[in-house]
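Undergrad: Dropping the sequence and predicted coords here.
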Amino acid sequence: MIEIICPVCGEALVEKDKSFTCTNGHCFDKAKEGYVNLLTSSHKPGSAIGDNKDMARNRREFLSKGYFDALVRGISEFIKEKAIPRPTIADICCGEGYYGHRIKSEFDCDMFGFDLSKEMVRLAAKRKNGITYFVGNLSNIPIKDKSVDIALHLFAPFHEKQFRRIIKDDGYILSVVAGENHLFELKELLYDTPYKNDEEPPSAESLTLIEKRKFTAKAHLETKDDIMALFKMTPYYYHTKDSDKAKIENLSEMDITTEFVMFVYGR
Ligand SMILES: C[S@@+](CC[C@H](N)C(=O)[O-])C[C@H]1O[C@@H](n2cnc3c(N)ncnc32)[C@H](O)[C@@H]1O
Ligand SMILES: [Zn+2]
């Protein structure tokens with residue numbers, strides 16, 4: 001079972017009707033989509049909190065087409081191999097929740113997901129798929145120590161101390177970064193000398209890097225909308241001048257390489 005704790009005092013939070021409450025009377029109301037906001041003022045970042053509405057919608061639209069599903073298959077393979085009975089799975093920095101949703105529909109598991117961005121969490125919770133979602137900060141995950149069997153950590157900031165704290169003694173963190181050839185075709189169009197992504201594992205002295213797996217596939221983007229949705233999901237979009245953006249905007253179809261590197265960490 002997921003054991004959510006109060007972000008203020010650390011006592012267990014109990015879900016009742018439309019809120020979560022601890023024994024010290026701290027109470028967090030559920031939003032109509034079913035998620036709960038567990039960000040406290042001390043863990044709220046400044047003005048811009050996480051990703052915005054456009055980024056959330058864009059991500060939802062693109063991922064739902066299945067172009068990145070080589071990663072879903074890779075994660076799924078790992079979970080099958082471990083065969084943990086009804087595992088507790090965390091979707092850390094879940095974004096709009098695509099990957100967690102796919103895994104939850106395949107495995108009998110207890111799952112929760114959180115993200116700093118309310119917009120992302122709102123979209124994720126709208127799927128009503130039995131995953132418990134909350135808005136929270138990676139620097140203070142309101143989850144009991146050693147309560148997670150498998151943590152999905154995809155394309156998001158790393159937090160060694162919190163990861164070590166929340167996983168069980170025999171738990172795993174699946175930390176995924178873009179592989180060296182991921183979306184190389186996009187970079188070739190934008191840059192004179194495109195670089196390959198490095199595949200360095202996040203350094204984590206208090207965690208053990210158990211293994212590295214790599215998943216590579218080709219995808220054919222069939223519409224302008226898909227190409228633009230992908231482009232806007234990348235940091236390149238925000239660092240490219242308008243004249244160069246046109247190189248992508250004028251395409252009507254495109255072949256791309258998708259490549260993901262999964263680092264498996266344990267305690
Ligand atoms: C590139 S997105 C990946 C989202 C999701 N894992 C996926 O693969 O679709 C990175 C996410 O990390 C979230 N994020 C960034 N810093 C965070 C923090 N300190 N705590 C929680 N979430 C954070 C962002 O809001 C964003 O949704
Ligand atoms: Zn409390």
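TA: That came through, no problem. Residues are numbered from 1 along each chain as shown. Ligands and ions are numbered 1, 2, ... in the order given.

Undergrad: and the next element down the chain from the helix or strand hosting Leu123?
TA: Element membership for Leu123 (DSSP states H and E) is helix 118-125. Reading on from helix 118-125 to the C-terminus, the next helix or strand found by DSSP H and E is strand 132-135.

Undergrad: Check which helices and strands the helix holding Leu123 is in contact with.
TA: Helix 118-125 is packed against helix 53-63, strand 110-115, strand 132-135, with contacts defined by 3 or more Cβ pairs under 8 Å, 6 or more residues apart in numbering; DSSP states H and E. C-betas here are computed from N, CA, C, even on glycine.

Undergrad: quick one: the shortest one near ligand 1?
TA: No. With Cβ under 6 Å from any ligand atom as the threshold, strand 132-135 lies outside contact range of ligand 1, at a closest distance of 8.5 Å.

Undergrad: Go through the helices and strands packed on helix 118-125 and name the closest to ligand 2.
TA: The stretch from the helices and strands packed on helix 118-125 with the least distance to ligand 2 (Cβ to the ion) is strand 132-135; that distance is 14.4 Å.

Undergrad: got a list of contacts for the closest one?
TA: Among residues not part of strand 132-135, those counted as contacts by Cβ atoms under 8 Å, 6 or more residues apart in numbering are 2, 4, 34-39, 94, 97, 111-118, 121, 124-125, 142.

Undergrad: Then stretch 9-28?
TA: Contact partners of stretch 9-28, identified using Cβ under 8 Å, 6+ apart, comprise 3-6, 8, 29-30, 36-38, 142, 144.

Undergrad: Quick check: buried residues in it?
TA: Taking 16 or more other Cβ atoms under 10 Å as the basis for neighbour counts, the residues of stretch 9-28 that come out buried are 13, 20-22, 26, 28.

Undergrad: ok, which of those residues also contact ligand 2?
TA: The subset of these within reach of ligand 2, by Cβ under 5 Å from the ion, is 22, 26.

Undergrad: Sort out for me which of the buried residues of stretch 9-28 are in strands.
TA: By the criterion of DSSP state E, membership of the buried residues of stretch 9-28 in strands covers 20-21, 28.

Undergrad: Using a markdown table, lay out those residues together with distance to ligand 1 and pLDDT.
TA: Conversion of those to a markdown table gives the following (distance: Cβ to the nearest ligand atom, whole Å; pLDDT from 0 to 100):
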| residue | distance to ligand 1 | pLDDT |
| --- | --- | --- |
| Phe20 | 18 | 95 |
| Thr21 | 23 | 96 |
| Phe28 | 17 | 96 |
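
Undergrad: on that earlier part again, is it possible to mark the buried ones in the contacts of strand 132-135?
TA: Of the members of those, the ones counted as buried by neighbours, 16+ other Cβ under 10 Å, are 2, 4, 34-36, 38-39, 94, 97, 111-118, 121, 124-125, 142.
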